[in-house]
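Asker: Got a sequence here, can you model it:
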Amino acid sequence: MDPRFEHIDDVIARFLAGEAGADDLRLLEAWKASDPAHAREFAQLERIFSESASLREVLPVNTDKAWGEVHAKLGGGKVITLRPNFFASPALRIAAMVLLVLGLGLLIRFLVAPVAGPETILAAADSSITRALPDGSTISLNRGSTLTYASASYAKQRRVKLKGEAFFDVRHDAEHPFIVEAGGLEIRDVGTAFNIQAREDNRLVVITVTEGEVSVSIPKHGDEALWPGQELVYDTEAGSVERRENNDPNIAAYKGQNLHLRRRLPRRGDPYAPGCLFRTDVPGK
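Answerer: All right, here's what the predicted structure looks like:
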């Protein structure tokens, strides 16, 4: 072995840590150029180190606390005797060090990451359904729609996810806003009634308010407030937003299967004179 490369493992470690100096860089380049196998080993080490760094970025934990928990759970280690020449290769020693850090990161993540609780899924297949939520709010799902929420945390955070169309009649609770995630939007409300259309096969998300006030968080647009009779249309592909009026009483006819109609007939005294309102049962939209 070239005596210049006797401590090449230290040089590589400094390089990966971002602490290599000019002399280190020249020596490293010379080592890689001396043997194609060296260049391949170094490329593998760089890739492993880069992947372990990306893992560390997604571990939002208190490392001191996490290490304490890991140490307590391990409760002492077992001594393993390795062959004297096991780490003879500088590249192998560094690879082992990186893999140890990577494995420890995975272990910490497993031990301290919060465990996801069970979810409740409401689904309307061939017909619309109406269900009560744990807080007393009610939801009417149009056919082909689903609503999901975390069962254990719902009392503290009233957050649901909608795919399809639903009408929400939300129970007032100023301390716990009701939040709906649908079509890339976040619809926030304290106590009101509104309809959301967010079907996966339609690029448009439509939010219509019938009572109270709703705040809609829109990517790149900020928050928009909606009042009764107002409607917001968000194009998920173009990213555009349109506000318009909508006082249609049939906006959520599917929830009660009641369709409100108005007819005008010319004869005076006719039971279906202008302004006469009648209803008929119709299947869900």
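Asker: Please make it C-alpha for all contacts and neighbour counts, starting now.
Answerer: Will do.
Asker: Okay, helices next: where are they in the chain?
Answerer: For the chain, applying DSSP state H gives helices covering 8-16, 22-34, 36-57, 63-74, 90-112.
Asker: remind me, longest strand of this protein?
Answerer: In the chain, with assignment by DSSP state E, the single longest strand is strand 158-169.
Asker: Show me what that one is packed against.
Answerer: Applying 3 or more Cα pairs under 8 Å, 6 or more residues apart in numbering; DSSP states H and E, one finds that strand 158-169 contacts strand 138-141, strand 145-150, strand 178-182, strand 193-198.
Asker: what's in contact with the first one?
Answerer: Counting by Cα atoms under 8 Å, 6 or more residues apart in numbering, strand 138-141 makes contact with 123-124, 128-133, 147, 164-170, 255, all of which sit outside it.
Asker: likewise the last one?
Answerer: For strand 193-198, the surrounding residues in contact (Cα under 8 Å, 6+ apart) are 162-170, 182-183, 204-212, 251-252.
Asker: what angle sits between that strand and strand 158-169?
Answerer: Angular relation of strand 193-198 and strand 158-169 on a 0 to 180 degree scale: 110 degrees, by axes from the mean of the first three to the mean of the last three Cα atoms, to 10 degrees.
Asker: With the third one instead?
Answerer: Strand 178-182 and strand 158-169 meet at an angle of 90 degrees, taking the same axes, to 10 degrees as the criterion.
Asker: Please name every helix or strand in contact with strand 178-182.
Answerer: Applying 3+ Cα pairs under 8 Å, 6+ apart, one finds that strand 178-182 makes contact with strand 158-169, strand 185-189.
Asker: do you know which of these lies nearest residue 38?
Answerer: Comparing the helices and strands packed on strand 178-182 by their distance to residue 38 (Cα to Cα), the top pick is strand 185-189, with 50.8 Å.
Asker: Pairing partners for the closest one, with directions?
Answerer: With DSSP bridges as the test, strand 185-189 is paired with strand 178-182 (antiparallel), strand 214-218 (antiparallel).
Asker: Which stretch among the ones you listed is buried most, on average?
Answerer: Comparing the strands paired with strand 185-189 by mean neighbour count (mean count of other Cα atoms under 10 Å), strand 178-182 ranks first with a mean of 22.
Asker: neighbouring contacts of it?
Answerer: 157-163, 170, 186-191, 198, 205.
Asker: Please repeat the previous calculation with a cut-off of 6 Å.
Answerer: 158, 159, 160, 161, 162, 186, 187, 188, 189, 190 (Cα atoms under 6 Å, 6 or more residues apart in numbering).
Asker: likewise stretch 12-32?
Answerer: Under the criterion Cα under 6 Å, 6+ apart, residues 11, 38, 39 lie in contact with stretch 12-32.
Asker: mean confidence for it?
Answerer: For stretch 12-32, the mean pLDDT works out to 84.
Asker: mind listing what's buried in that stretch?
Answerer: Going by neighbour count (16 or more other Cα atoms under 10 Å), the buried part of stretch 12-32 is 12, 13, 15, 20, 24, 27, 28, 31, 32.
Asker: and the end-to-end length of it?
Answerer: End-to-end distance of stretch 12-32: 11 Å, with Cα to Cα, to the nearest Å as the criterion.
Asker: Residue 137 touches residue 168, doesn't it?
Answerer: No. Contact criterion Cα atoms under 6 Å: residue 137 and residue 168 do not qualify, at 7.5 Å.
Asker: quick revisit: JSON lines for the helices and strands packed on strand 158-169, including distance to residue 220 and mean pLDDT?
Answerer: Output for those, formatted as JSON lines (distance: least, Cα to Cα, whole Å; pLDDT from 0 to 100):
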{"stretch": "strand 138-141", "distance to residue 220": "29", "mean pLDDT": "94"}
{"stretch": "strand 145-150", "distance to residue 220": "26", "mean pLDDT": "94"}
{"stretch": "strand 178-182", "distance to residue 220": "16", "mean pLDDT": "95"}
{"stretch": "strand 193-198", "distance to residue 220": "19", "mean pLDDT": "94"}
